[in-house]
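# Next input, structure requested:
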Amino acid sequence: MNTVIHLGSILGALLLVATGLSSALAQERPVPPTESAAAPIPTAKQILRVLFDALDTPLSVSETCAGVGTEADDRVIGDFIAGFMAEMGARTGHNWIEIAAEPARATDGRPVWQCRVILRRQHGEEEWGWGVGFQLDNPPPYPLLKESVRCLGSG
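Predicted coordinates for the structure are as follows:
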């Protein structure tokens, strides 16, 4: 139920996506469909687009985001994501982005997509994954349910 995208240069790929150029990250790669979904499953590109639009979301949106980040002054989801992306800039090791969407229910019971974007790094004994989970409403263009934003990770 998920799509994993491997990147040699995560920062370069983000730049390509942000500028609208084609890259492995920007290609539409749908996650396999499910029977219980009310709308087509969002593609990896659509999920990332929603995340990029939400980078100014305060970390105070969820208790799961309290005190997370790579620096004490991180205040928004963009700081959280940028800090871990910067850690992935090393040319050694293995870096990738895990992108997933699964059918779920919103707090009011309507069908939504539960999504997650996890930045992963592995180099020797160093292994971690940090990212964001959130729900997308149906139908497309899949608006973000801001109250569903959660910070995820370990390592």
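# Tell me the secondary structure at Phe52.
Secondary structure assignment for Phe52 (DSSP: H, G, I helix; E, B strand; the rest coil): helix.
# what does Arg49 give?
helix.
# give me the number of residues near it?
Using other Cβ atoms under 10 Å, Arg49 is surrounded by 16 other residues. All C-beta atoms are positioned from the backbone trio N, CA, C, and that covers glycine.
# Tell me the spacing between it and Glu126.
30 Å (Cβ to Cβ, to the nearest Å).
# again, but for Gly155
Distance from Gly155 to Glu126, by Cβ to Cβ: 8 Å.
# try Met85
16 Å.
# higher neighbour count, those two?
Shown here are Met85 and Glu126; by other Cβ under 10 Å, Met85 has more neighbours (19 against 12).
# pLDDT at the more buried one, what is it?
Note for Met85: predicted pLDDT of 96.
# so what does the helix or strand hosting Phe84 touch, helix or strand wise?
Assigned by DSSP states H and E, Phe84 belongs to helix 77-87. Contact analysis of helix 77-87 by 3 or more Cβ pairs under 8 Å, 6 or more residues apart in numbering; DSSP states H and E lists helix 10-18, strand 111-123, strand 126-137, strand 144-154 as its packing neighbours.
# can you redo those as JSON lines with distance to Glu71?
Below are the helices and strands packed on helix 77-87 laid out as JSON lines (distance: least, Cβ to Cβ, whole Å):
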{"stretch": "helix 10-18", "distance to Glu71": "17"}
{"stretch": "strand 111-123", "distance to Glu71": "16"}
{"stretch": "strand 126-137", "distance to Glu71": "13"}
{"stretch": "strand 144-154", "distance to Glu71": "15"}
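# how about those, which one is nearest Ile97?
For the helices and strands packed on helix 77-87, proximity to Ile97 was assessed by Cβ to Cβ; strand 111-123 is nearest, at 5.9 Å.
# List the buried residues for that closest one?
112-121 (16 or more other Cβ atoms under 10 Å).
# of those residues, closest to Thr64?
Arg116 (12.1 Å).
# pLDDT score for Ile5?
Per the predicted model, pLDDT is 40 at Ile5.
# circling back to that earlier point, list just the nearest of the buried residues of strand 111-123 to Glu98.
Using Cβ to Cβ, these come closest to Glu98 at Ile118, 4.2 Å.
# need the contact list for the closest one.
97-99, 129-131, 152-153 (Cβ atoms under 8 Å, 6 or more residues apart in numbering).
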